[in-house]
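J.: Prediction below, plus the sequence it came from.
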Amino acid sequence: MNIGILLWNTCNASCAHCAVSSAPDAARLMSNDDIKNIIDGAFWDGKRPSIGLSGGEAFLYLADLLEVIAYATQKGARVSVKTNCYWAQDMDQARSIVRQVQAAGVHKLVASTDTFHKKYIDDQCVVNAVNACIEAHLEIELKYVATRKSERMFDFIRRHADDLVNITCREIPCHPVGWAGKMKASSLILRSKMPRGTCPNAVLSVSADGRYIPCCNTAGHLEALQLGTIAENPQDVAARFAHSPVMRKLWKSGPVSFVGTAVAAGFVPQALGYVDQCHLCHDLFKDTEMAARLKEQAEQEAFDELYAVYEARRGA
């Protein structure tokens with residue numbers, strides 16, 4: 001069972017776009033033992049899981065991070081880690097840290113940078129991390145969050161093109177949640193048409209405060225979509241995730257399939273539009289009463305579908 005784990009919400013930065021409101025003074029809540037128990041749960045189906053570790057800033061507690069990586073990889077998991085690369089202030093430091101995480105078993109680093117990170121972490125740290133990974137033959141991917149008023153990924157690539165050859169670079173639109181909830185609509189990359197995409201990254205995840213959530217994206221942290229806590233049997237949570245009528249509908253048809261029911265119940269779509277389907281999902285499920293209505297819809301549709309199969313088989 002693939003899983004994402006937000007290890008802690010502590011970060012060396014307080015970026016204005018942070019969806020989980022990370023900050024230097026955010027208290028760490030999960031212990032290494034908690035995290036290892038979550039990793040154990042990822043093996044319940046007997047398959048080799050992919051485990052994504054992030055924060056906050058995952059490298060802020062390096063010794064603990066290395067311990068967790070080694071534990072997961074020794075059990076057979078494929079592990080990736082997301083980081084802002086603050087630790088790569090020069091090439092010697094970058095090489096040292098990359099060697100340590102590679103020795104622990106990491107198969108991939110995901111580097112985050114953008115205008116918001118740049119206030120705290122210089123571009124050169126990211127470039128150093130990229131070059132250290134290239135030297136070590138360790139895969140690294142670059143993710144860049146953008147708004148209409150920020151620099152864009154092509155600006156970063158233009159400045160550092162020679163260092164980014166053969167590196168996967170992905171630009172992500174900023175969503176108005178977390179610290180970015182204070183951002184003006186004029187800063188967002190909004191689209192006037194209702195977004196029709198399905199869930200782009202629905203991987204069972206664990207928030208830094210120990211809640212099982214359906215993804216690490218915009219809507220994943222909402223109370224209405226919570227799937228359980230780390231105090232529960234992970235197999236039960238995984239089954240809840242896999243068989244959730246709401247999740248199955250989101251996977252199949254996307255959040256737009258809930259809009260008709262929501263509008264009939266009083267929901268008013270954002271007049272200026274949405275960034276993407278994740279933004280729409282957050283808008284639909286952020287109100288607990290509306291979320292309850294939408295869950296009822298999904299459950300009724302799931303029942304009707306099963307009943308239709310039953311009737312068809314009985315008729316045959």
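T.: Perfect, I can see it now. No experiment lies behind these values; they were computed from the predicted model shown.

J.: Bridged to the closest residue in space to Ile38 that isn't next to it in sequence, which residues?
T.: Of all residues not flanking Ile38 in the chain, Val206 sits nearest, at 5.4 Å (C-beta to C-beta, 6 or more residues apart in numbering). Where you see a C-beta, it was placed from the backbone N, CA and C, and this is true even at glycine. Applying DSSP bridges to Val206 gives these bridge partners: Ile5, Tyr212.

J.: Contacts only, for Val206.
T.: Applying C-beta atoms under 8 Å, 6 or more residues apart in numbering, one finds that Val206 lies in contact with 3-6, 30, 38, 212-213, 230.

J.: Got a quick PyMOL command for the buried subset of these?
T.: To isolate the buried subset of the contacts of Val206 in PyMOL, counting by 16 or more other C-beta atoms under 10 Å, use the following:
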select buried, resi 3+4+5+6+30+38+212+213+230
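
J.: how about the contacts of Val206 in CSV, adding pLDDT?
T.: Rendered in CSV, the data for the contacts of Val206 read as follows (pLDDT from 0 to 100):
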residue, pLDDT
Ile3, 96
Gly4, 97
Ile5, 98
Leu6, 97
Met30, 97
Ile38, 96
Tyr212, 97
Ile213, 96
Ile230, 96
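
J.: between the contacts of Val206, which is nearest Cys174?
T.: Taking C-beta to C-beta as the measure, Cys174 sits nearest to Leu6 out of the contacts of Val206, at 18.5 Å.

J.: Check for me that Ala13 belongs to a strand.
T.: No - checked against DSSP: H, G, I helix; E, B strand; the rest coil, Ala13 lies outside a strand; its state is coil.

J.: so what secondary structure elements neighbour the longest strand anywhere in the chain?
T.: Of all segments of type strand in the chain, defined using DSSP state E, the longest is strand 139-146. In terms of contact count using 3 or more C-beta pairs under 8 Å, 6 or more residues apart in numbering; DSSP states H and E, strand 139-146 is assigned the packing partners strand 108-112, helix 123-136, helix 153-160, strand 168-173.

J.: tell me the angle the last one makes with strand 139-146.
T.: Relative orientation of strand 168-173 versus strand 139-146 (axes from the mean of the first three to the mean of the last three C-alpha atoms, to 10 degrees): 20 degrees.

J.: re earlier: any chance of the helices and strands packed on strand 139-146 in TSV, plus distance to Val268?
T.: Putting the helices and strands packed on strand 139-146 into TSV (distance: least, C-beta to C-beta, whole Å) gives the following:
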stretch	distance to Val268
strand 108-112	33
helix 123-136	41
helix 153-160	33
strand 168-173	22
